[in-house]
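Trainee: From the sequence below, what's the structure:
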Amino acid sequence: MNQRIQLTSLDDQRNAEAREAVRQRISWPANLTPANVTYHSRGHALVIGSSDAAEKAAHALKGSGLASLTLLTLNTAGESQDAGSEDVQSSDAVPQGHAQPLVRYEMSPGQAEVLSISGHLGAFTAQFDNDGSPLNLARALIDRDHFDLVLDLSARPVLARELPPPGYVILDWTDVERRHEALDSVGELIGEFDKPRYFQVNSDLCAHSSSGNTGCTRCLDVCPADAISSHQGRIESQIEIDPYLCQGVGSCTSACPTGAIEFRLPDTRRQQDTLSSWLAAYRDAGGQVPVLRFITHDSQDAEKAAGIVPAGHVLDIPLEELGAAGHDQWLTALASGAAEVRIQAHPDMPARLGAFLDDQVNQAQTLLTALGHDPARVQLLAVDDAQARDALPTLTPLTDQPLTLNEPNKRARLNIVLARLSELGEPSGQRHAMPEGAAYGGIQVDSDACTLCHACVSSCPTSALSSGGKVPSLNFREADCVQCGLCEHACPEDAITLTPGFLATAERETRHVCHEEAPFECIGCGKPFATASTVANIKAKLADHPYFAGDAMLRLEMCEDCRVKDVWKTMIRDPDAQLRI
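Mentor: Residues are numbered from 1 along each chain as shown. Below is the predicted model of the structure:
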């Protein structure tokens, strides 16, 4: 299970040859998604910042091929137009010595506070949001609907995102080393540019909303580009990804517990299958104690350019970005025979991605502990930590048998992985606290309050909750529960409470009865049609309703057929009865 390695028995050269054999035999699935998201930029640029920095930037961009250049500067003296003014005009439309039209406008401090920017390359909207009357600056200053690109020299960027949208260049003018690179990039943002539509969303699997209630928000919480939004429909909300803002970080697909968001190509299932195939091929080629290192393409290319070759037992898993693989894939590697999993951090990671990886590592290590394994089998490597990168694993692999994941559903595949790790370890038999927001846990049902209306069953996005068929009951399987909270919100009796945490017992895999009642039989025909508590609850709520006054209250104890028959009998006996209600 957690056997220590005899260091003298390892042959690094043989491991390196086995690694090369894997690469020759099985290719890691590449992102073959067609480039079907297109940006059109004509080169109308907006420069924001202090007057001095903006003027210097304008001078540096002279002759860069921009169609126009608009300088939006802050007037600390407060002598500019009022923030709500619609007669904003340029102070110098065609200056001497510039290859492109140059427009200058000085903002007052009040205008700077209500300045907002949205959009992406080829379609940036800059406006003053004043008292519900937004003023479009592109229309006011250059007679266009939008700017194509933005160079923000402000001390605090107007569009403060961890990953700014394409076409939004942030530059500290005092950073001389980066200045030339940033200005060159502005001049290159003219023309037509294509990129892939990285993700696909399956709303049928999404646990975000049901019956007007909001549940899972994990993808919204982890996107560093703010490309994901919740779109409110007539009743329910839906998750939408803006393909123009999305930059393929991948943390949303790893955070999604149901697989509603996935990479188009390669999808998560193929990546998991390839992990298992690589490890099997490595063993077949004579390799020992494989360590899988998840690394970005850019980091891998940088290491190759620097002549860095990892130790022979380290197999690199190349990703578009580290967020594209979460703890489900790391645990898949361990369950397929990897001795350790290492995630190689890089210096350009957005803060939200770094926090997401820390959370995923914490989840993986907690699950390993709960299942009786050493949590150190999953590690996050610091930037340029060559010693940790090439270190020999301290433990042998958990297995030398491949793992078959024959389930199309993401949660079902994860349950297969956890079941394999449970077989290979010694589960604690206890519930383990997981990081906040983890998709593991159960529910508690108040039997005294539950009426078996099954509103929770209809709201559950997975198969965790189900009805009892012929016998009125509520059944639950914890392995399928993603802790979205939709059942808790849907329950009209407040009978459901979430119980977060990973249960390291076989009970997690079994479906058990949370609440069960004897069926209530129709007083007319004897057919069971509801539960006694449901009928009693409805009678209590409709006790003062005129339609059910007197003997009519007995209709609530009838099935749907007998109830209709009784209404018609009453109308035949007394045709005016309906008019008196």
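Trainee: now the helices for the stretch 301-450 of the chain?
Mentor: 327-335, 351-370, 386-390, 410-424 (DSSP state H, counting those that start in this stretch).
Trainee: For residue 229, which of those is the nearest?
Mentor: helix 351-370 (15.6 Å; CB to CB). For the C-beta atoms, the positions are set from N, CA and C on the backbone; glycine is no exception.
Trainee: Which elements pack onto the closest one?
Mentor: helix 218-222, helix 251-255, helix 327-335, strand 340-344, strand 378-381, helix 410-424, strand 431-432, strand 502-503 (3 or more CB pairs under 8 Å, 6 or more residues apart in numbering; DSSP states H and E).
Trainee: Could you tell me the angle between that helix and helix 327-335?
Mentor: 40 degrees (axes from the mean of the first three to the mean of the last three CA atoms, to 10 degrees).
Trainee: how far is helix 351-370 from where the chain is centred?
Mentor: Here helix 351-370 is found 15 Å from its chain centre; the criterion is CA atoms, centre = their mean, to the nearest Å.
Trainee: and what of stretch 458-473?
Mentor: Worked out by CA atoms, centre = their mean, stretch 458-473 lies 27 Å from the chain centre.
Trainee: do stretch 387-398 as well
Mentor: 31 Å.
Trainee: quick one, helices of the stretch 101-250 of the chain?
Mentor: Going by DSSP H, counting those that start in this stretch, the stretch 101-250 of the chain shows helices at 109-113, 137-142, 176-188, 218-222.
Trainee: hmm, back to that, which of the helices of the stretch 301-450 of the chain sits closest to residue 430?
Mentor: Minimum separation from residue 430 across the helices of the stretch 301-450 of the chain (CB to CB) falls at helix 351-370, 7.6 Å.
Trainee: can you give me the angle that closest one makes with helix 410-424?
Mentor: Using the same axes, to 10 degrees: helix 351-370 against helix 410-424 is 40 degrees.
Trainee: Now helix 351-370: buried residues?
Mentor: 352-353, 356-357, 359-370 (16 or more other CB atoms under 10 Å).
Trainee: Which of these sits closest to residue 488?
Mentor: Nearest member of those to residue 488, counting by CB to CB, is residue 363, at 21.7 Å.
Trainee: residue contacts, the nearest residue to residue 462 once chain neighbours are set aside?
Mentor: Nearest residue to residue 462 in three dimensions, chain neighbours excluded: residue 480, at 4.5 Å (CB to CB, 6 or more residues apart in numbering). Counting by CB atoms under 8 Å, 6 or more residues apart in numbering, residue 480 makes contact with 411, 415, 462-464.
Trainee: Using TSV, lay out those together with distance to residue 307.
Mentor: What follows is these, written out as TSV (distance: CB to CB, whole Å):
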residue	distance to residue 307
411	43
415	43
462	48
463	52
464	51
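Trainee: rewinding a little: which pair in the buried residues of helix 351-370 has the greatest spatial separation?
Mentor: 352 and 370 (26.9 Å).
Trainee: domains of this structure?
Mentor: 7-30+266-427, 37-195, 199-263, 432-516, 521-580 (automatic domain parsing).
Trainee: got those as CSV, with mean pLDDT columns?
Mentor: Formatted as CSV, the domains of the chain follow (pLDDT from 0 to 100):
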stretch, mean pLDDT
domain 7-30+266-427, 94
domain 37-195, 86
domain 199-263, 93
domain 432-516, 95
domain 521-580, 87
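Trainee: how much space between residue 66 and residue 189?
Mentor: 9 Å (CB to CB, to the nearest Å).
Trainee: Residues that sit against both of those two, list them.
Mentor: Joint contacts of residue 66 and residue 189 (CB under 8 Å, 6+ apart) are residue 43.
Trainee: which residues in the stretch 1-150 of the chain form strands?
Mentor: All strands of the stretch 1-150 of the chain, identified by DSSP state E, counting those that start in this stretch, fall at 37-41, 44-49, 68-74, 102-107, 115-120, 123-128, 135-136, 149-152.
Trainee: quick one: strands adjacent to the first one?
Mentor: Going back to what we said before, that points to strand 37-41. strand 191-195 (antiparallel) (DSSP bridges).
Trainee: Could I get the buried residue list for the partner strand?
Mentor: Taking 16+ other CB under 10 Å as the criterion, strand 191-195 shows 193, 195 as buried.
Trainee: Now do the phi/psi pair for residue 267.
Mentor: Backbone torsions of residue 267, given as degrees, to the nearest 10, read phi -80, psi 170.
Trainee: tell me the contacts of it?
Mentor: With CB under 8 Å, 6+ apart, residue 267 has no contacts at all.
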